Each structure stands twice: as structure tokens, then as C-alpha cells.
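S.K.: I'd like to go over a predicted model; first the sequence, then the structure.
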Amino acid sequence: MKAAIYARAATNEGDVLDNQVAACRAYCKERGYTVVDELVIQEMATSTNKQREGIKKLIQAAKEGKFDILVIKDKTRLSRRESQRIAFTYLFDRETIYIEYIEKEAHTMDSFMRPILFIVGEVIEVIKLYS
């Protein structure tokens, strides 16, 4: 499997981004995933930052079939806001990209959430088309 890695920090505290990437690379190596080096994204952004260039790049790469799985240290690195995390998860799931968090207490897409996110996504798309 080809893996992309996403690391995010709100502030520039030491080697926090490098440490996240190193942990994700080790996780990928243990599982036999091939890390796509051009898709190792390190981003400085807060949860209030709505424009995440790194996320945009990963979504575009997903549409182009450049990777199969997105590896992130923990769910808060994608976003501390549950609503944003659900939206990002939906966008990746729509491209058949599975998000794998290396810290196991984190949320992953399960059989219960998938249909809910699909319905919410469809509702949003219809609203965009007709408003």
C-alpha cells in the first residue's frame, strides 16, 4: 500500500512536526506500507484555520490515485474540532482513502459512521447545487 503522512502543529514547538513524521514512518515500515515522500505533509495550522494547503494537496493526490492510505499520529492532528475531522474524513473516504491513526484511541471510519457521512455529504452537495 502507498501511504501519505500528515503532521500538523498549531505552534512551532521544537521538533513536534518531525517527531510526528518519524512516528508515522516507523508505523508504515512496521506494516509494510510504502511512504510516498512527496506526500509527507508537515503543516502549521490551528483548528480555526479553514484553508489547509496540506489537506488540499492530499485530497488532490487522492483524486489522482497517488496513495491508498493516510497515516496520522492521532485524530487531533487532523483537527481538534470533531466537525472538521468528520468533513475531512468524508472527503478522503469519497476518494476511497482510509485514514489510519497510529494512536489507537483515535476515531477511525467504522461501519456505523460511513453511511452517516455519505448521507451528510450528499445533502451538502445537493444544497450547493441548488442554492
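M.R.: Cool, the structure landed.
S.K.: Can you tell me what sits against the lengthiest helix in the chain?
M.R.: In the chain, with assignment by DSSP state H, the single longest helix is helix 113-130. With contacts defined as Cβ atoms under 8 Å, 6 or more residues apart in numbering, helix 113-130 is touched by 86, 89-90, 93-94, 109. Yep, even glycine has a C-beta here, placed from its N, CA and C like the rest.
S.K.: which of those count as buried?
M.R.: Among the contacts of helix 113-130, those buried by neighbour count (16 or more other Cβ atoms under 10 Å) are 86, 89-90, 93, 109.
S.K.: CA atoms only: put stretch 78-98 into PDB for me.
M.R.: Extracted in PDB, the C-alpha atoms of stretch 78-98 (Å, rounded to 0.1, in the frame of the first residue of the first chain):
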ATOM      1  CA  LEU A  78      -6.200  16.100  11.600                       C
ATOM      2  CA  SER A  79      -8.300  18.600  13.600                       C
ATOM      3  CA  ARG A  80      -9.200  19.200  17.200                       C
ATOM      4  CA  ARG A  81     -12.700  20.000  16.000                       C
ATOM      5  CA  GLU A  82     -14.900  17.000  15.500                       C
ATOM      6  CA  SER A  83     -16.900  18.600  12.800                       C
ATOM      7  CA  GLN A  84     -13.800  19.400  10.700                       C
ATOM      8  CA  ARG A  85     -12.500  15.900  11.300                       C
ATOM      9  CA  ILE A  86     -15.700  14.400  10.100                       C
ATOM     10  CA  ALA A  87     -15.700  16.600   7.000                       C
ATOM     11  CA  PHE A  88     -12.000  15.700   6.200                       C
ATOM     12  CA  THR A  89     -12.700  12.000   6.800                       C
ATOM     13  CA  TYR A  90     -15.700  12.200   4.400                       C
ATOM     14  CA  LEU A  91     -13.600  13.900   1.700                       C
ATOM     15  CA  PHE A  92     -10.900  11.200   1.900                       C
ATOM     16  CA  ASP A  93     -13.400   8.400   2.200                       C
ATOM     17  CA  ARG A  94     -15.100   9.700  -1.000                       C
ATOM     18  CA  GLU A  95     -11.800   9.000  -2.800                       C
ATOM     19  CA  THR A  96     -11.500   5.600  -1.100                       C
ATOM     20  CA  ILE A  97      -8.600   6.700   1.100                       C
ATOM     21  CA  TYR A  98      -8.600   5.100   4.500                       C
END
